[in-house]
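1. 3D, please:
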Amino acid sequence: TRSTAPATVPVIKTLLPVLLCLCLLMGCSSEFLYNRADRLAQFYIESYIDLDRDQSKSLKINLEGLREWHRRNELSEYRDFLNQIEADIRHDITPETVAGWMSKTRSAYFRIRDQAIPALVEVSATLTPAQVEEFSVKLEKNNRKLEREYLSRDATAYHEYVFEEMDDRLSYWLGKLTDRQKQRLKDTTGRIERLDAQWLTGRRSWQRRVLNELAHKPGWQDRLTALIKNRTEYSDPNDIAADNRNEQRIFAAVAEVMNMRTEKQQQRLARKLQEWERNLASLQNSEKKPGKDNES
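-> Take a look at the predicted model:
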């Protein structure tokens, strides 16, 4: 199972498995934003489907439960992960080290996904044919937008996009990259095998299967759950192999760039990890007051 981000960038989207904690990157108070994660998620879902009052209320309750589960069970896992990264960077980083970070990131995503599935199935059970049609139309509208954005790029623009993504994500942790580090990334991105057309095809195929299950034929709940849990981005063995090669290239490049870090970059990396650890500790220990959101 892969991230839904196309074209090999998911490896360096973040070095931490913090889907709900990504709000920490947005500034303001981490606690303020974290305690609104459920509402942000509900806003996103309702941008695709116009839920009625009862559906919206049920979804809100389920998402609040997901956030509290996440606080109780996941934040300590992230802090352990931070400690592991802090230990890892005392030594040379290998591609295997980066692959291990990515494995933990995916494992955290899978845990959140699996915890959210019952809520998704529950609200899916209440969707009317009109709501399913609305969902289908909005999915296709977004697909066409992605096609225009991704498929209009030539090879040069595509590889430049991947380079900029990697540069941006690594710069968050290390600060401005050196010319030597940037050249290493350029060498890698120039060899990335392009898969955005295949990713879009796989995305549409998976969406059609999901929409078919929303007809609520007997056994649909189990089939929908399996679709969510076993989503794959590519079906052609050649595409899967290319995706794996791209990942290995990125793992190697990230490891080399991190091993090239300057003393200033090392200090920034350590500072960023410590900031995340403090934010996670604050979230783990915070309690939202009844009837009142924490202030930013």
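
2. Now Val121: closest residue in space, sequence neighbours ignored.
-> When the adjacent residues along the chain are set aside, Val121 lies closest to Gln221, with 5.3 Å between them (CB to CB, 6 or more residues apart in numbering). Placement of C-beta: from N, CA and C, glycine included.

3. Which stretches in the stretch 101-250 of the chain count as helices?
-> Along the stretch 101-250 of the chain, the segments classed as helices by DSSP state H, counting those that start in this stretch run 129-151, 155-174, 179-189, 196-213, 220-229, 237-259.

4. Packing partners of the second one?
-> Based on contacts counted as 3 or more CB pairs under 8 Å, 6 or more residues apart in numbering; DSSP states H and E, the elements that helix 155-174 packs against are helix 179-189, helix 237-259, helix 263-285.

5. what comes up buried for it?
-> 158-159, 161-163, 165-167, 169-170, 173-174 (16 or more other CB atoms under 10 Å).

6. what mean pLDDT would you report for that helix?
-> The average pLDDT for helix 155-174 rounds to 93.

7. Next, the angle from that helix to helix 237-259.
-> In terms of direction (axes from the mean of the first three to the mean of the last three CA atoms, to 10 degrees), helix 155-174 departs from helix 237-259 by 40 degrees.

8. Please compute how far helix 155-174 lies from its chain's middle.
-> Chain-centre distance of helix 155-174: 17 Å, with CA atoms, centre = their mean, to the nearest Å.

9. Same question for the fourth one.
-> When C-alpha coordinates are averaged (CA atoms, centre = their mean), helix 196-213 and its chain have centres 18 Å apart.

10. For that helix, give me every contacting residue.
-> 4, 6-7, 124, 132, 135-136, 139, 143, 146-147, 150-151, 158, 220, 223-224, 227, 231-236, 239 (CB atoms under 8 Å, 6 or more residues apart in numbering).

11. so Ile192 makes contact with Arg245?
-> No. In this structure Ile192 lies outside contact range of Arg245 using CB atoms under 8 Å: 9.0 Å.

12. The two: who's more crowded?
-> Ile192 (21 against 14; other CB atoms under 10 Å).

13. do you know how far the more buried one is from Gln274?
-> Using CB to CB, to the nearest Å, Ile192 is found at 33 Å from Gln274.

14. hang on, the earlier thing: please check the contacts of helix 196-213 and keep the buried ones.
-> Buried among the contacts of helix 196-213 by 16+ other CB under 10 Å: 6-7, 124, 132, 135-136, 139, 146, 150, 158, 220, 224, 231, 233-234, 239.

15. Ends of stretch 171-187, what's the gap?
-> In terms of CA to CA, to the nearest Å, the two terminal residues of stretch 171-187 are separated by 17 Å.

16. Below-threshold pLDDT in the protein: ranges please.
-> 1-43, 287-296 (pLDDT under 70).

17. From the buried residues of helix 155-174, pick the one nearest Ser282.
-> Closest to Ser282 out of the buried residues of helix 155-174 is Trp173 (20.2 Å), distances taken as CB to CB.

18. right, and that closest one touches Ala270 too?
-> No. Using CB under 8 Å, Trp173 is not in contact with Ala270; the gap is 10.0 Å.

19. about what we covered before: could the helices and strands packed on helix 155-174 go into a markdown table alongside distance to Gly202?
-> Listed next are the helices and strands packed on helix 155-174 as a markdown table, based on distance: least, CB to CB, whole Å:
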| stretch | distance to Gly202 |
| --- | --- |
| helix 179-189 | 22 |
| helix 237-259 | 8 |
| helix 263-285 | 33 |
